[in-house]
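Undergrad: Build me a model from this:
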Amino acid sequence: MLGQKELKPFKIAMLGPTGVGKTTLLTVMRKQMNSAVDVSQLKLDTGHPQIPGSAFETDQLLQKCLEDLDQLVKSKGYYAQGGIGGTGEPKKFYFNLSKLKKNASSAKLVLEFQDYPGGWIEKNASQVLDYIKDSSVTILVIDTPPLIHKKGKYHVSANKSEIVQQILLRAYSEDNSNKRRLLIFAPVKCEKYLQKANEYRQIEQSIRSGYKDLIESLNSEEFSNVSAVITPVQTVGNVLFSYVEEIEENGKTIPKFWYEKTNKHELAPYDAEQPLRYILGFALKDALDAKRTQRIELVNWFRDMLGLDDDLKTALQKFGEGCKKDGGFVVIKGGHLLG
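TA: Purely as a prediction, here's the structure:
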């Protein structure tokens, strides 16, 4: 009997320093994806169908993170600090999408999210570079309060923005394949800045300022294969940034960010599925354009994407069409590369 065809995953690299919220974003994305994909008649499972134990490992890791976030919201006290613990070692999170009411052998689209310790962007940058080069999508996770508070006084130190910009530009410059790429600026912990009409504009303006060198470079002809979007994610929902406590330690000022709880003590992420909508819209369009222009050999996952049945393609397309384009959601460049 012939062996089962190997499924090539569509690869997404997470990017951001320690404590910024990469694992938190993955956790709430998984939580909200469950309900979001059902609307489009899709089935979302964890794990790679051809890697034994990957579903259990992914579920176990994300469930622990979800419990930590629940505790953050439900714990006593008016103020909270931070989020969940950082990643101690590199981890791959697999999700696979298939059509509802299909058998287990029906065609699937496998997504591979690569997470790793945030400290690697300084201590193991070469590995981070490899992850980004190997991925079609990079999600740059941004801690929003340091980005905006006091005109971004703590942005460079908290988000390591200078190093992050260098890594991205080097990764994109050194890639000679000219494959299409999507960069998602994902500001998290942004609830405070989305409470009132038009306040969300602070997020876009601060990203354009805080990542000015990167965005200006990406707008050059050299990076015409890269699209970039902003997708704010309210990762917790009922915990809002309140103030910064500045502590003096060994002659240095250490900022401590505090968050105010609402009277609703429940985890309520919002728009956490939006990065996935952009990812799927981008992936489908890229695959279809590749077929028309004979670029299929560039990326192995194209063959899997084009091999999906029409029902699944239609469901994925419908899900991707749910991308928001206002209220803080912005296409910075490369809109013609998106679905």
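Undergrad: Contacts only, for the residue lying closest to L284 once chain neighbours are set aside.
TA: Leaving out its chain neighbours, the residue that sits closest to L284 by CB to CB, 6 or more residues apart in numbering is G339, at 5.4 Å. No exception for glycine: its C-beta is placed from N, CA and C like everyone else's. Applying CB atoms under 8 Å, 6 or more residues apart in numbering to G339 gives the contacts L280, G281, F282, L284, K285, Q317, G320, E321, C323.
Undergrad: Most neighbours out of those, which is it?
TA: The most crowded member of those, judged by other CB atoms under 10 Å, is L280 (27 neighbours).
Undergrad: gap between the residue nearest to L284 and D213?
TA: 29 Å (CB to CB, to the nearest Å).
Undergrad: Pull the residues that contact stretch 25-38.
TA: Residues from elsewhere that reach stretch 25-38, judged by CB under 8 Å, 6+ apart: 14, 43-44, 46, 62, 65-66, 69, 84, 93, 95, 97, 100, 113, 115, 139, 141, 186, 188, 233, 235-236, 267, 269-273, 275-277, 319, 322.
Undergrad: Would you mind listing which of these are buried?
TA: For the contacts of stretch 25-38, a burial check counting by 16 or more other CB atoms under 10 Å picks out 14, 43-44, 46, 62, 65-66, 69, 84, 93, 95, 97, 113, 115, 139, 141, 186, 188, 233, 235-236, 267, 269-273, 275-277, 319, 322.
Undergrad: Now Y131: closest residue in space, sequence neighbours ignored.
TA: A13 (4.4 Å).
Undergrad: shouldn't that neighbour be in contact with S135?
TA: Yes. Assessed by CB atoms under 8 Å, A13 is found in contact with S135 at 4.0 Å.
Undergrad: Return every residue with contacts to both of those two.
TA: Contact with both A13 and S135 is made by residues Q114, according to CB under 8 Å, 6+ apart.
Undergrad: which residues in the protein form helices?
TA: With DSSP state H as the criterion, the chain has helices at 22-39, 54-74, 120-123, 125-134, 144-148, 155-159, 161-174, 201-210, 212-218, 274-293, 301-306, 310-320.
Undergrad: Out of the contacts of G339, flag the one nearest to I121.
TA: F282 (23.8 Å; CB to CB).
Undergrad: who touches that closest one in this structure?
TA: Residues in contact with F282 (CB under 8 Å, 6+ apart) are S136, V137, R180, L182, S227, G320, L337, L338, G339.
Undergrad: Any chance of TSV for those, columns pLDDT and distance to E6?
TA: As requested, the contacts of F282 are arranged in TSV below (pLDDT from 0 to 100; distance: CB to CB, whole Å):
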residue	pLDDT	distance to E6
S136	93	18
V137	96	21
R180	90	23
L182	97	24
S227	96	28
G320	80	25
L337	87	27
L338	87	28
G339	72	26
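Undergrad: Format those as JSON lines; extra columns: distance to G19.
TA: Compiled in JSON lines, the contacts of F282 are given as follows (distance: CB to CB, whole Å):
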{"residue": "S136", "distance to G19": "27"}
{"residue": "V137", "distance to G19": "22"}
{"residue": "R180", "distance to G19": "31"}
{"residue": "L182", "distance to G19": "25"}
{"residue": "S227", "distance to G19": "28"}
{"residue": "G320", "distance to G19": "31"}
{"residue": "L337", "distance to G19": "32"}
{"residue": "L338", "distance to G19": "30"}
{"residue": "G339", "distance to G19": "33"}
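Undergrad: Nearest to F329 among those residues?
TA: L338 (11.8 Å).
Undergrad: Please determine how far that closest one is located from K264.
TA: Relative to K264, L338 is positioned 34 Å away (CB to CB).
Undergrad: Same question for T24.
TA: Separation of T24 from K264 (CB to CB) stands at 19 Å.
Undergrad: of the two, who's got more company?
TA: Ranked by neighbour count (other CB under 10 Å), T24 and K264 place T24 first, with 28 against 10.
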